[in-house]
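> take this sequence and fold it.
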Amino acid sequence: MKKAKPPDKEPSAHELLRAALADVTPLPPANRAKLVRPRPLPIAAQRQLDDRAVLRDTLSDTPAWEQGLESGEELLFLRNGISAQQLKKLRRGHWVVQDHLDLHGLTTPQARVLTAEFLAHCMREGLRCVRIVHGKGLGSPNREPVLKKKVAGWLAQRDEVLAYCQAPQADGGGGAVLVLLKAR
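Numbers count the residues shown, from 1 in each chain. As a prediction, the model looks like this:
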């Protein structure tokens with residue numbers, strides 16, 4: 001008996017395509033440059049949020065800063081280890097005010113963040129003497145300065161602040177403070 005020959009398998013679609021394109025010659029490569037566009041740098045949104053949170057947290061409203069602050073109405077502060085002569089020079093206008101920040105009309109949280117950002121900016125720029133205008137409280141309830149003591153506390157908490165004092169009358173008087181910062 002003769003064995004029956006198994007039927008030939010039908011070729012697959014892939015094999016049929018190869019057979020159809022067997023005598024085709026590929027086109028020469030195009031004479032074009034492949035442009036690779038640089039990817040944009042990612043925005044570190046979480047880092048920005050973290051930096052703002054750190055700034056906000058480093059300036060608390062309830063610090064133990066009263067030790068460096070005199071008890072009178074005039075704001076004075078001198079960091080430990082700094083000569084009292086530096087404070088005298090600051091009060092007499094020895095240093096030129098290089099920049100200023102005006103906190104009029106801001107809420108305490110807004111003022112806190114702006115003060116921290118301003119001090120960071122001053123340190124980056126290498127500024128030594130700046131003025132912060134906190135206001136006299138004429139628009140506040142009971143006509144008392146709300147930001148005055150808060151700004152004093154925030155400044156006393158910052159290591160880059162060497163001293164501060166009430167600004168001369170021409171520069172804001174009781175509504176402003178002159179700040180002496182560390183050198184870069």
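
> which non-adjacent residue is nearest Ala183?
Leaving aside its sequence neighbours, Ala183 sits nearest to Arg128 (CB to CB, 6 or more residues apart in numbering; 6.5 Å). All C-beta atoms are positioned from the backbone trio N, CA, C, and that covers glycine.

> the one you found touches Arg184, doesn't it?
No: counting by CB atoms under 8 Å, Arg128 stays clear of Arg184, with 9.0 Å between them.

> and those two? Which one has more around it.
Ranked by neighbour count (other CB atoms under 10 Å), Arg128 and Arg184 place Arg128 first, with 16 against 10.

> which helix runs longest in the chain?
Secondary structure of the chain read by DSSP state H shows that its longest helix is helix 108-125.

> and the residue nearest to Cys129 when sequence neighbours are not counted, how many residues sit next to it?
In space, and not counting its chain neighbours, Cys129 is closest to Trp95: 3.6 Å by CB to CB, 6+ apart. Other residues near Trp95 number 17, with proximity taken as other CB under 10 Å.

> before we move on, the earlier item: which neighbouring elements make contact with the longest helix of the chain?
Applying 3 or more CB pairs under 8 Å, 6 or more residues apart in numbering; DSSP states H and E, one finds that helix 108-125 contacts helix 45-58, strand 99-102, strand 129-133, helix 147-157, strand 176-181.

> those: which one's closest to Arg79?
Taking CB to CB, helix 147-157 is the member of the helices and strands packed on helix 108-125 nearest to Arg79, at 8.3 Å.

> following the chain onward from the closest one, which element is next?
As assigned by DSSP states H and E, the chain's next helix or strand after helix 147-157 is strand 161-166.

> one step back: for the longest helix of the chain, buried residues please.
Ala111, Arg112, Leu114, Thr115, Ala116, Phe118, Leu119, Cys122 (16 or more other CB atoms under 10 Å).

> let me see the backbone angles for Gly93.
phi 80, psi 30 (degrees, to the nearest 10).

> for it, what are its contacts?
Pro168 (CB atoms under 8 Å, 6 or more residues apart in numbering).

> now do the same for it: its pLDDT.
The per-residue pLDDT reported for Gly93 equals 86.

> for Lys149, same thing?
Reading off the model, Lys149 has pLDDT 86.

> what stretches of the chain score poorly on pLDDT?
Within the chain, the stretches with pLDDT under 70 are 1-8, 56-73, 139-143.

> count of neighbours near the closest residue to Val151 other than its chain neighbours?
Leaving aside its sequence neighbours, Val151 sits nearest to His134 (CB to CB, 6+ apart; 4.6 Å). Residues lying near His134 (other CB under 10 Å) number 26.
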